[in-house]
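Chemist: Got a sequence here, can you build the structure:
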Amino acid sequence: MKVGNIEQFKHLSQFRDLKDFNNNIEQWMIDLKSKFTKSELIALKRLIRYSSKVAGVCNAKIATIVSATHELDGIGISRSTFKRMVTKAKAFGLLTVYETERKNGSQSSNLYVFNRYPVKEDVSISQTIELPKEKKLNCPQTNNLSKTSNQNNINKRNENVSDKKYLGDKLDGSFTSSRVPAEFRDLVKCFYDDYKTIEELWKVIQIQTYYLTYYSLDDRISLAIDSFKQLIRNIKQGRKVRNIFGYYWGIVQKKLDAEYKSILFEVA
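Modeler: Below you'll find the predicted structure:
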């Protein structure tokens with residue numbers, strides 16, 4: 001394969017876009033995170049970041065990636081660590097590596113292509129459920145249709161008035177979106193029993209960990225719960241918090257920064 005600009009390898013990408021790539025990496029990390037050492041995870045994380053221009057494809061030189069871990073991550077890794085990571089990733093099916101060559105035939109940098117997370121093929125609904133055949137309906141006469149339509153509109157207006165009267169404006173924690181983990185929802189609603197507050201707090205976790213593709217759902221839940229407990233503890237101790245979302249954001253950010261520094265010192 002001839003070396004070239006990364007745009008020339010778009011056809012090798014297995015992902016619709018960057019979000020699709022990140023979602024697949026997240027699934028891979030649930031299975032594989034424990035298989036890599038912490039230094040190998042730093043190497044993998046940097047390779048993932050270099051694979052964002054064309055989702056899941058990278059043609060950067062090893063020296064470039066290793067240098068970035070020194071300059072951008074604070075404490076870097078060695079070439080041998082990067083190569084060990086690539087060997088493992090290939091064995092697990094996470095990566096496919098292609099050799100490239102220059103015009104004169106000499107070997108150039110490798111091309112790294114991330115693979116989609118393997119899932120079983122979904123069976124089409126139409127194959128498992130027999131859909132009813134289309135039937136002709138007897139259309140009502142014009143006068144009857146008009147009367148029916150007017151009656152339905154009256155009933156709908158009455159229902160809306162009734163809904164507003166009895167539901168009120170505020171919905172409690174039981175109305176929280178199913179996208180929010182139950183463990184986090186149940187904890188937060190003990191203090192803020194409002195679906196919108198719970199969802200906004202969880203959104204902070206999603207945004208802060210968006211690029212931490214090695215984070216599993218359990219990691220996010222643990223981070224969310226620990227950070228919320230610290231928020232409540234600080235408030236109970238007298239800390240004045242005008243905006244709980246901004247304050248919560250700061251707590252989460254500090255925890256992630258501390259975790260990252262801990263990883264770097266351990267691999268030093």
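Chemist: Where does the nearest residue to Ser78 once chain neighbours are set aside fall, secondary structure wise?
Modeler: Here the nearest residue to Ser78 in space, its sequence neighbours aside, is Val66; by CB to CB, 6 or more residues apart in numbering that works out to 7.0 Å. Where C-beta positions appear, they are placed from N, C-alpha and C, glycine not excepted. Element membership for Val66 (DSSP states H and E) is helix 62-71.
Chemist: go on, Trp28?
Modeler: In this structure, Trp28 sits in helix 18-32 according to DSSP H and E.
Chemist: tell me what that helix is packed against?
Modeler: Secondary structure elements in contact with helix 18-32, counted by 3 or more CB pairs under 8 Å, 6 or more residues apart in numbering; DSSP states H and E, are helix 79-92, strand 111-114.
Chemist: Comparing these, which comes out most buried?
Modeler: Using mean count of other CB atoms under 10 Å, the stretch among the helices and strands packed on helix 18-32 with the greatest mean number of neighbours is strand 111-114 (a mean of 22).
Chemist: how does this structure divide into domains?
Modeler: Partitioning the chain according to automatic domain parsing yields domains covering residues 6-114, 173-266.
Chemist: now those domains in CSV, with mean pLDDT?
Modeler: Compiled in CSV, those are given as follows (pLDDT from 0 to 100):
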stretch, mean pLDDT
domain 6-114, 88
domain 173-266, 89
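Chemist: what about the helices in the stretch 151-268 of the chain?
Modeler: In chain order, the stretch 151-268 of the chain shows helices spanning 182-188, 195-208, 217-236, 244-266, with DSSP state H, counting those that start in this stretch as the criterion.
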